[in-house]
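J.: Give me coordinates for this.
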Amino acid sequence: MNKEFFEAVNQIVAEKNIPEEYLYEKISAAIVVAAKHDYNGKDIVHCDIDPEKQKVKVYVRKNVVEEVEDPDTDLTLEQARLIRKSAKVGGTIDIPLKTKNFGRIVAQTAKHVIRQGIREAERGQMLEEFKSKNQELISAKVERIDPITGNVTLEIGKSQAVLPKTEQVPGEKFTENSQIKVYVVDVKEGNKGPKIMISRTHPGLVRRLFEQEVPEIYDGTIEIKSVSREAGSRTKIAVFSKDEDVDSVGACIGPRGQRVSNIVDVLGGEKIDIVKYSDDPAQFVGAALAPSTVNSVEIIDESAKACRVTVPDDQLSLAIGNKGQNVRLAARLTGWKIDIKPESENLEI
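T.: Residues are numbered from 1 along each chain as shown. So this is what the prediction gives:
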């Protein structure tokens, strides 16, 4: 082990951004694994690396005994004193090994373990990087679009991730080398390295877009209570202001509607209903059914979270929405089962 060895390690540390201690630990383990072959795999080989002094010490620790039972692990007092005059029976002695005498197999084994250590370190770094982005909104570059499956391969930093067709907004198109925003749903460690699950349809995407666009949400003045979404079509978001002087809905809409308009553009024209949250279930359900007008909300079963909503006859179809979408999103947003009735059903004959 010479100066070139330590220079090579320093180069790997710089290029791969791997901690020096970690790499030397792996190299030391590789040398030990390789050298143990000469001692039938017995755990008696040790390796100490001192980067400051640029020295590598490899040695075998043997027991000093009166009678040798295992030549791999034992040596006589006479043999021991040839190495160290103060050796005594019952003690141990370290016998230095010359690394330059290691054979080709030893060198190959060491290289293999070192490469494996580098891969493990890189995977660990990648996992930590991905974990720091978990449940966050990130920008990614479109690298490739599979013409058969429709899956999109994205470039995220130095890594790649796949946006499955099922996590894409219906009807949206991608072009190679373009930048898109995706939501990191989860990060898991797989057999072949970290696996990042991303989405364009997850409600968390809308939540993070509002946090970016509305300063009052980012600083905590306004809180997003819940989000319900049918990607590509409509989203409802419930917001609450901790400051009575701040209009939660107005702040999210922004001056001349600019804030919500920017988010709609990112989502490709998806409609967004911004709803004022209330601790009063009747008020919250009534607001959640926007843009329809609501006459009354009657709590039928509080434990089952079931309610009946009465709306003007001409508002019934708007309250229910196309194929039931409006009431379905309102139910998800509030957590209440909503039964909508027209006003005429309540009139006494």
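
J.: Wait, a strand at residue 36?
T.: No: the assignment for residue 36, made by DSSP: H, G, I helix; E, B strand; the rest coil, is helix rather than a strand.

J.: Any figure for the gap between it and residue 58?
T.: The spacing between residue 36 and residue 58, counted by Cβ to Cβ, to the nearest Å, is 11 Å. All C-beta atoms are positioned from the backbone trio N, CA, C, and that covers glycine.

J.: hang on, isn't residue 139 packed against residue 179?
T.: Yes: applying Cβ atoms under 8 Å as the test, residue 139 and residue 179 come out as touching, 5.5 Å apart.

J.: Name the residues of the strand or helix carrying residue 180 that are buried.
T.: For residue 180, the enclosing helix or strand under DSSP states H and E is strand 179-190. Residues 180, 182-185, 187 are the ones in strand 179-190 that count as buried (16 or more other Cβ atoms under 10 Å).

J.: just these now: which is nearest residue 217?
T.: residue 183 (16.1 Å; Cβ to Cβ).

J.: residues contacting that closest one?
T.: Residue 183 makes contact with 135-137, 198-200, 202, 204-205, 208, according to Cβ atoms under 8 Å, 6 or more residues apart in numbering.

J.: the helices in the stretch 101-250 of the chain, which residues?
T.: Ranges of helices within the stretch 101-250 of the chain are 104-131, 203-213, 215-218, 248-253, based on DSSP state H, counting those that start in this stretch.

J.: Mind putting those helices into a markdown table with mean neighbour count, distance to residue 18 and mean pLDDT?
T.: What follows is these, written out as a markdown table (neighbours: other Cβ atoms under 10 Å; distance: least, Cβ to Cβ, whole Å; pLDDT from 0 to 100):
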| stretch | mean neighbour count | distance to residue 18 | mean pLDDT |
| --- | --- | --- | --- |
| helix 104-131 | 15 | 4 | 68 |
| helix 203-213 | 20 | 31 | 94 |
| helix 215-218 | 17 | 35 | 94 |
| helix 248-253 | 20 | 44 | 95 |
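
J.: The residue found closest to residue 95 once you drop the neighbours it is linked to in the chain sits in which helix or strand?
T.: Once flanking residues are discounted, residue 95 sits nearest to residue 60: 4.7 Å by Cβ to Cβ, 6 or more residues apart in numbering. According to DSSP H and E, residue 60 maps onto strand 55-65.

J.: Mind giving me the packing neighbours of that strand?
T.: In this structure, strand 55-65 packs against helix 20-35, strand 45-50, strand 74-76, helix 77-83, strand 92-97, with contacts taken as 3 or more Cβ pairs under 8 Å, 6 or more residues apart in numbering; DSSP states H and E.

J.: on that earlier part again, and the residue nearest to residue 95, bridged to which residues?
T.: Legend: beta-bridge partners of residue 60 under DSSP bridges are residue 45, residue 95.
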